[in-house]
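Asks: Only the shape, not the letters, is given here:
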């Protein structure tokens, strides 16, 4: 399996350094919250990662504390109708959603193949709805939301209600990217992580679920353009996010290259 080479391996190792501290908290009404902050040694690592992401034209960046906190508050308020707050010591308090990260649910031996696919459909529907939300973008000005790291690791799925909620908005798309490019990047990350984390599901089934739940023709056209130019999920940053096997990736590219009715 091609893992994307030294650059993507380095990015994955950086992601595994536990750059964040996370603590469970309780709100005034007893509801569960999550407190999160960057560790002290994270700042130079994030700065180096941003230099690489900028030089490689990855189209994403990792914001510093001030911008990150502001974006989390903005995104959660508009997407979920809840307020996050910053506290002394660099802590950011955010809601803890019911259920599990979909990546964790997909790997849980107690979940059924059908249940995992229902989770994927719910996550895709939630992403499509989020992409319709207008809010203040991290670089300023208003525009449509995009996630920046829309893999199955960053969406909570509650199988008891069938509800999916996207979270962890600590990676943002680079300033100036049009909405269609940002949305296509989110959809790419979702597809690639689904193909990597649902290996027991036939590729056409996974693809059809996502294609049926995400109804943005311009976004799909942009993705197919990347496939035609040989640029789909080829960057080191892409491979660090999610690495389907080469055969699985080729199946996805073939499906993307097939015109939809």
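Replies: In hand now; what should we look at? Here the structure is a predicted model, which means the values were calculated and not measured.
Asks: For the strand or helix carrying residue 209, the averaged confidence score.
Replies: Element membership for residue 209 (DSSP states H and E) is helix 203-213. Averaging pLDDT along helix 203-213 yields 98.
Asks: Quick one: end-to-end length of stretch 146-162, please.
Replies: 22 Å (Cα to Cα, to the nearest Å).
Asks: Flag every buried residue along it.
Replies: 146-159 (16 or more other Cβ atoms under 10 Å). Heads up, the C-betas are built off the backbone N, CA and C, glycines and all.
Asks: Format those as JSON lines; extra columns: secondary structure, pLDDT and distance to residue 27.
Replies: Output for those, formatted as JSON lines (DSSP: H, G, I helix; E, B strand; the rest coil; pLDDT from 0 to 100; distance: Cβ to Cβ, whole Å):
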{"residue": "146", "secondary structure": "coil", "pLDDT": "98", "distance to residue 27": "28"}
{"residue": "147", "secondary structure": "coil", "pLDDT": "98", "distance to residue 27": "25"}
{"residue": "148", "secondary structure": "coil", "pLDDT": "97", "distance to residue 27": "27"}
{"residue": "149", "secondary structure": "coil", "pLDDT": "96", "distance to residue 27": "26"}
{"residue": "150", "secondary structure": "coil", "pLDDT": "98", "distance to residue 27": "27"}
{"residue": "151", "secondary structure": "coil", "pLDDT": "97", "distance to residue 27": "28"}
{"residue": "152", "secondary structure": "helix", "pLDDT": "98", "distance to residue 27": "27"}
{"residue": "153", "secondary structure": "helix", "pLDDT": "96", "distance to residue 27": "24"}
{"residue": "154", "secondary structure": "helix", "pLDDT": "97", "distance to residue 27": "22"}
{"residue": "155", "secondary structure": "strand", "pLDDT": "98", "distance to residue 27": "22"}
{"residue": "156", "secondary structure": "strand", "pLDDT": "98", "distance to residue 27": "17"}
{"residue": "157", "secondary structure": "strand", "pLDDT": "98", "distance to residue 27": "22"}
{"residue": "158", "secondary structure": "strand", "pLDDT": "97", "distance to residue 27": "18"}
{"residue": "159", "secondary structure": "coil", "pLDDT": "96", "distance to residue 27": "24"}
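Asks: Dump the residues you listed to TSV, plus distance to residue 63.
Replies: What follows is the buried residues of stretch 146-162, written out as TSV (distance: Cβ to Cβ, whole Å):
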residue	distance to residue 63
146	14
147	13
148	10
149	12
150	16
151	18
152	22
153	19
154	15
155	20
156	22
157	26
158	28
159	32
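Asks: need the contact list for residue 75.
Replies: 135, 145, 169 (Cβ atoms under 8 Å, 6 or more residues apart in numbering).
Asks: what ranges do the helices span in the stretch 151-261 of the chain?
Replies: Using DSSP state H, counting those that start in this stretch, the helices of the stretch 151-261 of the chain run over 179-197, 203-213, 217-228, 236-241, 246-257.
Asks: Same list (these) but as CSV, adding distance to residue 130 and mean neighbour count.
Replies: Putting those into CSV (distance: least, Cβ to Cβ, whole Å; neighbours: other Cβ atoms under 10 Å) gives the following:
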stretch, distance to residue 130, mean neighbour count
helix 179-197, 9, 24
helix 203-213, 13, 17
helix 217-228, 13, 16
helix 236-241, 18, 22
helix 246-257, 22, 16
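Asks: of all those, which lies closest to residue 122?
Replies: helix 203-213 (8.3 Å; Cβ to Cβ).
Asks: List the neighbours of the closest one that are in contact with it.
Replies: Helix 203-213 is contacted from outside by 117, 120-121, 124-125, 128, 187, 190-191, 194-195, 198, 220, 248, 251-252, 255-256, 260, using Cβ under 8 Å, 6+ apart.
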